[in-house]
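[1] Coordinates only, no sequence provided:
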């Protein structure tokens, strides 16, 4: 049975943040992932943006998305006369 726990590495030993009910002198397989620190001042939108990232695109990205994504020719600009 797999469980997730949080531990701190002190330079030589992983120290669990909560007591474990494991059998002593028993071999266990561990998967170690670094826990990302949470910024206290971030709101939910900042957190989502950090997870998905952002892309800077040209000003006409919305109207010319086919050109930028698939290489189709740009549309001709329509001007009011």
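    Structure received. It should be emphasised that the depicted structure is a prediction, and the values quoted were computed from it without experimental measurement. Numbers count the residues shown, from 1 in each chain.
[2] Would you mind listing the buried residues in the longest helix seen in the chain?
    The residue-count maximum for a helix in the chain (DSSP state H) belongs to helix 44-52. Neighbour counts over helix 44-52 (16 or more other C-beta atoms under 10 Å) mark no residue as buried. C-beta here means a position set from N, CA and C on the backbone, and glycine is covered the same way.
[3] Let me know the next secondary structure element after it.
    helix 65-70 (DSSP states H and E).
[4] Quick check: mean pLDDT of that next one?
    Regarding helix 65-70, the rounded mean pLDDT is 90.
[5] ok now that helix, how far from the chain's centre?
    Relative to its chain's centre, helix 65-70 lies at 26 Å (C-alpha atoms, centre = their mean, to the nearest Å).
[6] same question, stretch 44-61
    Taking mean C-alpha positions (C-alpha atoms, centre = their mean), stretch 44-61 and its chain are 12 Å apart.
[7] Check stretch 18-35 too.
    On C-alpha atoms, centre = their mean, the centre of stretch 18-35 falls 25 Å from that of its chain.
[8] For the chain, name the helix or strand with the lowest mean pLDDT.
    When each helix and strand of the chain is scored by mean pLDDT, DSSP states H and E, helix 44-52 comes last, with a mean of 79.
[9] Can you work out which other helices and strands pack against that helix?
    Contact here means 3 or more C-beta pairs under 8 Å, 6 or more residues apart in numbering; DSSP states H and E; on that basis helix 44-52 packs against no helix or strand.
[10] gap between the residue nearest to residue 42 when sequence neighbours are not counted and residue 75?
    Closest residue to residue 42 apart from its sequence neighbours, by C-beta to C-beta, 6 or more residues apart in numbering: residue 50 at 7.6 Å. Distance of residue 50 to residue 75, given as C-beta to C-beta, to the nearest Å: 34 Å.
[11] Equivalent analysis for residue 49, please.
    Between residue 49 and residue 75 the computed distance is 30 Å (C-beta to C-beta).
[12] No more questions from me, cheers.
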